[in-house]
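Student: Any chance you can model this:
(chains A, B, C, D, E and F, ligands or ions: 6)
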Amino acid sequence: METTSVVELAIANLLSPPVLAFALGLLAVAIKSDLRLPEPVYQAISIYLLLGIGIKGGVALRDSSLQEIWLPIVVTLILGVLIPLGAYVVSSWFTRLDAINRGALAAHYGSTSLVTFTAALVFIESSGQFAEGYLVTLLAILEVPGIIVGLLLASRARKGGIAWGESLQEVLSGKSIVLLVGGLAIGAAAGSVGFATIEPFFGGLFTGVLTLFLLELGIVAGRRLPDVKKTGWGLVAFGTLFPLVAGLAGVAGGLAAGLSVGGAALLGVLSASSSYIAAPTAVRLALPEASPGIYLTASLGITFPFNLIAGIPLYYWYAETLGGLIGWN
Amino acid sequence: METTSVVELAIANLLSPPVLAFALGLLAVAIKSDLRLPEPVYQAISIYLLLGIGIKGGVALRDSSLQEIWLPIVVTLILGVLIPLGAYVVSSWFTRLDAINRGALAAHYGSTSLVTFTAALVFIESSGQFAEGYLVTLLAILEVPGIIVGLLLASRARKGGIAWGESLQEVLSGKSIVLLVGGLAIGAAAGSVGFATIEPFFGGLFTGVLTLFLLELGIVAGRRLPDVKKTGWGLVAFGTLFPLVAGLAGVAGGLAAGLSVGGAALLGVLSASSSYIAAPTAVRLALPEASPGIYLTASLGITFPFNLIAGIPLYYWYAETLGGLIGWN
Amino acid sequence: METTSVVELAIANLLSPPVLAFALGLLAVAIKSDLRLPEPVYQAISIYLLLGIGIKGGVALRDSSLQEIWLPIVVTLILGVLIPLGAYVVSSWFTRLDAINRGALAAHYGSTSLVTFTAALVFIESSGQFAEGYLVTLLAILEVPGIIVGLLLASRARKGGIAWGESLQEVLSGKSIVLLVGGLAIGAAAGSVGFATIEPFFGGLFTGVLTLFLLELGIVAGRRLPDVKKTGWGLVAFGTLFPLVAGLAGVAGGLAAGLSVGGAALLGVLSASSSYIAAPTAVRLALPEASPGIYLTASLGITFPFNLIAGIPLYYWYAETLGGLIGWN
Amino acid sequence: MELTSRTVVTIVAESALESRLIGDLQTAGVPGYTVTPAHGAGVRGQREGDIQGGNIRIETVLPHDTAVAILSMLQEKYFSHYACVAWLSEASVVRGEHF
Amino acid sequence: MELTSRTVVTIVAESALESRLIGDLQTAGVPGYTVTPAHGAGVRGQREGDIQGGNIRIETVLPHDTAVAILSMLQEKYFSHYACVAWLSEASVVRGEHF
Amino acid sequence: MELTSRTVVTIVAESALESRLIGDLQTAGVPGYTVTPAHGAGVRGQREGDIQGGNIRIETVLPHDTAVAILSMLQEKYFSHYACVAWLSEASVVRGEHF
Ligand SMILES: Nc1ncnc2c1ncn2[C@@H]1O[C@H](COP(=O)(O)O)[C@@H](O)[C@H]1O
Ligand SMILES: Nc1ncnc2c1ncn2[C@@H]1O[C@H](COP(=O)(O)O)[C@@H](O)[C@H]1O
Ligand SMILES: Nc1ncnc2c1ncn2[C@@H]1O[C@H](COP(=O)(O)O)[C@@H](O)[C@H]1O
Ligand code: NA
Ligand code: NA
Ligand code: NA
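Tutor: Ligands and ions are numbered 1, 2, ... in the order given. Below you'll find the model as predicted:
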């Protein structure tokens, strides 16, 4: 792809079947349709996506040297600490939320969203770009620290603190981490020969399954939209502006760590996206006073659609432009 | 395919995996097996089929001009009004049902069956025939008017009438319409480039998934068979003879509107098939006095198997013969 | 493949994605993860595997002559009687179980495990070996007699005997038999032309879907592991040593019946594997006094992982070595 | 601990009715409700439920008067034509104001 | 509104028993029943349910005598060997003839 | 047949709480419990359940004292912050020693 305008990127993204299906989901809620993907199928698809993306990342990881990968990992860990701190501070500029609710937000924005990453991967691949396979490793790495930092920030405000043992156990043994890390190990052990036998399932079907999944996520997000009004415009501002900054940090960090344009764009997406699987569960259990009406609305009702529709091409454009400035190809 | 005898067509249809799986489902009920596809998976597959067929239709629709398509649409709308009227009248010749139950039947036969259409599509495609992609548009168009006409006919006999607002809302926002129309829009927007990314899922797997689905529908239909005895032979006669006429009307209308032989055969299938998703829900809620033991038995226990096993090749043969007469192909 | 050492075979097996996914499932239980494949999806996948393997077997069966197949069938029937008798006797050497519990074990080890067979098939195929397609027929044949013999053995010890009519009806109309036999019939009727239309679903995806299924079975087996300690080492010895003998009997019988090396290896796997779908249900209903904590633990917690991880390459090595001795290729 | 007595209304109906029933319950002023998927059979035998996902079982804990009002509403609008049964039972709760 | 008093029998059992239990309930003359999927644990611990889809919870509303007869039947045929528990509670219904 | 009287505690809570609740019930000494999937709405409205699989409905049959102890435990640990309601009702069982 030639250096492309941000508008062309945005249109290509908007017209991709997954994003269109997401829009259909939003629409279905608007016209009060009872359309839903059944819960067990939703769960199964999320297992499929996590394991599949893990395995593919593992196959790629096998060919990466430690030399190549240590700097991106360090940068990712730094992002995993700075982004939730940023979210905690920035959210106080836009909203009047107390420390516990801002800690909850920090846990969500510090962690990351598999589906946003997946949609970005599809976007990058279908526009013929390259991205390092070990980005999935960074996805797995970025899941956890943000949640811990967020809970730490909130726990200072919480009398009684937090049951850390229980909470950490729940995050680390949660299905996101088990499937991503397990998938990485499976992929690395099986290699591309082993992967070839399962490619039709975990490879070929991927975008199609993602389309079905985003239909349901459109419905889930659409049901959150009425809450957006209740929570006020401050949260909308936070949920759209903060990702713009976090995404820039991710892209810059990625380029600084030597990632390709596509890889830096993906690290931007990881940084800008906010968790809606691992973080909500952890926060719900560890911080029951924090209101799901705030953190889920922000994460799922505002930032997720924003990233899917506008953010992904934007962070790619960041990477292309910044990469051009510093003389990357 | 050369002009083929109706027997050859029938055999090719009978030996296709989807139809064989349907027969296996019937058999499983006969031997009292507890085999069932779990409900959530059944629901997910019907979403897959509706969305997939919608998207494929949309990709094809994009290449059709309004000029080419307006006449088939008009013909379809006419069929959508005439067929339920016909069902209402003809059912009184064969049965002693009251106006409400005949209105319910009219709603079912006036609407159409996705799975019958899908099986016909697979039949047409796997025998190497052409059919216009916009037939899916006609499928979506034919879903609704028949239900409305059927309810109208019944409402005249019903004291208190019908809660139209509620009923229409339920049909129009039901998953059949949302997914078909939404899929058409997604396909038209994404085009064949976008479709390529999801083709392995929505294209390649289609016949296989349909096979699994028909296994379950065979079970569902098989469980209706004992009721066929209870409802009497009049209903059996109606459920097999009426489709023969409606199918002929559809084929003739299709050829008159300029459809290809394959396209006209599909319009025949749409006309001859009776709904078992959208119509039952609408009728159950709007006409609670109508007996599901009658309309579901007719639609799912008689007409659906009949069309699947005998009707599809027959309507194709109609189209080929009639098309030959008028000098088509 | 050249004559390969048993170690190389074992490694190739261990590094295949399905086996790795099984290990991940075991690990997920060890770290107390709440990861589970939802029950309806698990059910649907087992339907998919049974039907798919049946259909593929049927397609292959169509090309087999009765002449070629009658001897393997007879050998299989003999194995179906001898193996449960053997299990009944051998289990008394290693454990102090009463006749009812040993009859229950006999029913499980006399029957066979679809998933072990499937994993072996994938192992054989992915190492480029040949195996007769009608092995699936043998799978279907081996399902039932072992259960009957096991129940017979137990019924002698049971006051009141067994409700044979009910039990047989339940086994023969159970989903394993219906789908395997039904699939064989569908495959034989549709042939390779019909199969081509569903190949992307039932063929291409097979190993990938199996991988997901084995993840869940790893979790199920892992949850049984704590019981292994309770039931004692005698059962562990039985659950690993008996398959080694039964597998040898199967391989030898297969070679004697004229099967290829790959085919004999698969008959070895069928003989060595123990049922965890059909037998448990039948035994639970017909022999309520038998303890599921014993038969399920042995079958699912010991023998299934053992076969998956070590047995499959071993039985293949048996076949290769024995086949070499008797001058087979 | 202070216990307050409340009535539980349990309704089993074909699942196509879910949204209508919930709407009517809310109109009747229920403080909350819980729905579980179900299947079953009654004196009237087979129904649409066969295809559309069986039955639902709705349970709502509330003051006795509202419970009786709900039964009347059900009798008027649902019992005669739909597959729908209901029964009342007694319960005690803490936090009476919640129910 | 006239309320009639009835008894609710609630049975929880491993799901493999579903069709047998339903058959026995029908033999005992229940006017209807409702089944919901369930899982759980009891004093006896682990069972086949682990693989075959857990438990089922059956609820049937009927006259007191039939309820007691069902308990006896369960005690005789199910309680000793199967994972199966049951309890009775009181309920009121309209349309007593339906139950 | 000898019937013993027991209390049924029914708890409805957001499903993320399942393992914690079960753990706390076991600590409180319940003889067994049955869980069914559910969804619903209460006075507090929307919650995390929206994504994570709705609610669960837990039922446990036990002696009255334990039942009251469980209610206190719920009030202390769950009612204030989580979507969680509970109620008691009366039941009779055979095999009193089982419950
Ligand atoms: N006596 C009963 N006890 C429990 N559930 C019942 C009873 N009668 C009916 N039901 C439930 O209510 C539904 C509708 O019953 P009916 O309207 O009699 O067909 C059935 O499918 C059962 O799930
Ligand atoms: N006290 C109880 N309260 C509620 N459900 C129970 C109780 N005891 C057992 N159960 C249910 O009955 C099933 C079988 O119990 P058991 O026969 O004790 O293993 C369990 O899996 C639970 O679902
Ligand atoms: N009055 C009630 N009757 C039955 N279930 C209730 C009631 N109130 C609340 N629930 C259930 O408990 C859950 C939590 O309620 P709440 O804490 O009020 O949001 C709801 O989602 C319902 O499933
Ligand atoms: Na982030
Ligand atoms: Na029609
Ligand atoms: Na065996």
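Student: Next up, the contacts around residue A:29.
Tutor: By CB atoms under 8 Å, 6 or more residues apart in numbering or on different chains, the contact list for residue A:29 reads A:218, A:219, A:222, A:223, A:225. Glycine gets a C-beta too; all of them are placed from N, C-alpha and C.
Student: In contact with the residue of chain D found nearest ligand 3, which residues?
Tutor: Chain D approaches ligand 3 most closely through residue D:32 (2.1 Å), counting by CB to the nearest ligand atom. For residue D:32, the contact set (CB under 8 Å, 6+ apart) comprises D:60, D:61, D:98, D:99, F:40, F:41, F:42, F:43, F:85.
Student: Among the contacts of residue A:29, which ones lie close to chain B?
Tutor: The subset of those within reach of chain B, by CB under 8 Å from any CB of the partner chain, is empty.
Student: outside of the host helix or strand of residue A:119, which residues touch it?
Tutor: Using DSSP states H and E, residue A:119 sits in helix A:114-126. Applying CB under 8 Å, 6+ apart, the contact partners of helix A:114-126 are A:12-13, A:16, A:18-19, A:46, A:49-50, A:53, A:131, A:135, A:139, A:176, A:180, A:206-207, A:210, A:213-214, A:217, A:262, A:265-266, A:269-270, A:272-273, A:276-277, A:304, A:307-308, A:311-313, A:315-316, B:197.
Student: List the beta-bridge partners for the residue nearest the centre of chain D.
Tutor: Central residue of chain D (CA atoms, centre = their mean): residue D:11, 3.1 Å from the mean position. In this entry, residue D:11 is beta-bridged to residue D:58, residue D:86, by DSSP bridges.
Student: Look up phi and psi at residue D:36.
Tutor: phi -130, psi 150 (degrees, to the nearest 10).
Student: Also residue A:16?
Tutor: phi -80, psi 140.
Student: Could you give the number of residues near it?
Tutor: 28 (other CB atoms under 10 Å in any protein chain shown).
Student: Hmm, residue A:85 is touching residue A:106, no?
Tutor: Yes: if you go by CB atoms under 8 Å, residue A:85 and residue A:106 touch, sitting 7.2 Å apart.
Student: So for the two, which sits in the more crowded spot?
Tutor: residue A:106 (32 against 16).
Student: name the element the more buried one belongs to?
Tutor: If you go by DSSP H and E, residue A:106 is part of helix A:99-110.
Student: Who are the packing partners of that helix?
Tutor: Secondary-structure packing of helix A:99-110 (3 or more CB pairs under 8 Å, 6 or more residues apart in numbering or on different chains; DSSP states H and E): helix A:66-94, helix A:135-155, helix A:233-256, helix A:278-286, helix A:292-296.
Student: Could you tell me how far the residue of chain D closest to ligand 3 is located from residue D:58?
Tutor: Separation of residue D:32 from residue D:58 (CB to CB, to the nearest Å) stands at 11 Å.
Student: In the stretch 201-329 of chain A, what residue lies closest to chain E?
Tutor: Nearest to chain E, among the residues of the stretch 201-329 of chain A, is residue A:281, at 20.1 Å (CB to the nearest CB).
Student: what's the burial count for that residue?
Tutor: 23.
Student: Next one: the closest residue to it other than its chain neighbours relative to chain C, how far apart?
Tutor: Distance criterion CB to CB, 6 or more residues apart in numbering or on different chains; nearest residue to residue A:281, sequence neighbours excluded, is residue F:16 at 5.8 Å. To chain C, residue F:16 is 10 Å away according to CB to the nearest CB, to the nearest Å.
Student: Can you get me a residue count around residue F:16?
Tutor: Here the number of neighbours of residue F:16 (other CB under 10 Å) works out to 24.
Student: wait, it sits on residue A:284?
Tutor: Yes: using CB under 8 Å, residue F:16 is in contact with residue A:284, at 5.3 Å.
Student: what about the residue nearest the centre of chain A, distance to residue A:214?
Tutor: Closest residue to the average C-alpha location of chain A: residue A:113 at 2.2 Å, with CA atoms, centre = their mean. For residue A:113, the distance to residue A:214 equals 12 Å [CB to CB].
Student: and what of residue A:137?
Tutor: Counting by CB to CB, the gap from residue A:137 to residue A:214 is 24 Å.
Student: show me the contacts for residue A:210.
Tutor: Counted by CB under 8 Å, 6+ apart, residue A:210 has contacts A:18, A:49, A:115, A:118, A:119, A:122.
Student: I'd assumed residue A:249 was in contact with residue A:271.
Tutor: Yes: assessed by CB under 8 Å, residue A:271 is found in contact with residue A:249 at 5.8 Å.
Student: Find residues that contact each of these two.
Tutor: What both residue A:271 and residue A:249 touch, as defined by CB under 8 Å, 6+ apart, is the set A:79, A:83.
Student: who has more neighbours, those two?
Tutor: Ranked by neighbour count (other CB under 10 Å), residue A:271 and residue A:249 place residue A:271 first, with 32 against 19.
Student: Give me the nearest residue to that one, chain neighbours excluded.
Tutor: Among residues not flanking residue A:271 along the chain, residue A:250 sits closest, at 2.9 Å (CB to CB, 6+ apart).
Student: Pass me the low-pLDDT residue ranges in the chain, would you?
Tutor: By default, I'm working from chain A. Chain A contains residues with pLDDT under 70 at A:1-4, A:328-329.
Student: You answered for a different chain; I wanted chain D.
Tutor: D:45-53.
Student: Enumerate every residue touching the residue of the stretch 1-150 of chain A found nearest ligand 1.
Tutor: Closest approach of the stretch 1-150 of chain A to ligand 1 (CB to the nearest ligand atom) occurs at residue A:38, with a separation of 20.6 Å. Residue A:38 sits next to B:39, B:40, B:41, B:43, B:44, C:40 when contact means CB under 8 Å, 6+ apart.
Student: switch the cut-off to 7 Å
Tutor: B:40, B:43, B:44 (CB atoms under 7 Å, 6 or more residues apart in numbering or on different chains).
Student: and which of these is nearest chain C?
Tutor: Proximity of the contacts of residue A:38 to chain C (CB to the nearest CB) peaks at residue B:40, which lies at 4.6 Å.
Student: ok, and does whichever strand or helix holds the closest one reach over to chain E?
Tutor: Using DSSP H and E, residue B:40 falls within helix B:39-62. No: using CB under 7 Å from any CB of the partner chain, helix B:39-62 stays clear of chain E, with a minimum separation of 10.4 Å.
Student: Does that helix reach chain F?
Tutor: No: Helix B:39-62 stays clear of chain F (CB under 7 Å from any CB), getting no nearer than 11.3 Å.
Student: Format the contacts of residue A:29 as TSV; extra columns: secondary structure and neighbour count.
Tutor: Below are those laid out as TSV (DSSP: H, G, I helix; E, B strand; the rest coil; neighbours: other CB atoms under 10 Å in any protein chain shown):
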residue	secondary structure	neighbour count
A:218	helix	26
A:219	helix	21
A:222	helix	21
A:223	helix	18
A:225	helix	16
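Student: I'd like the distance from residue A:23 to ligand 3, if you could.
Tutor: Taking CB to the nearest ligand atom, to the nearest Å as the measure, residue A:23 falls 29 Å from ligand 3.
Student: Going by secondary structure, that residue is in what exactly?
Tutor: helix A:17-30.
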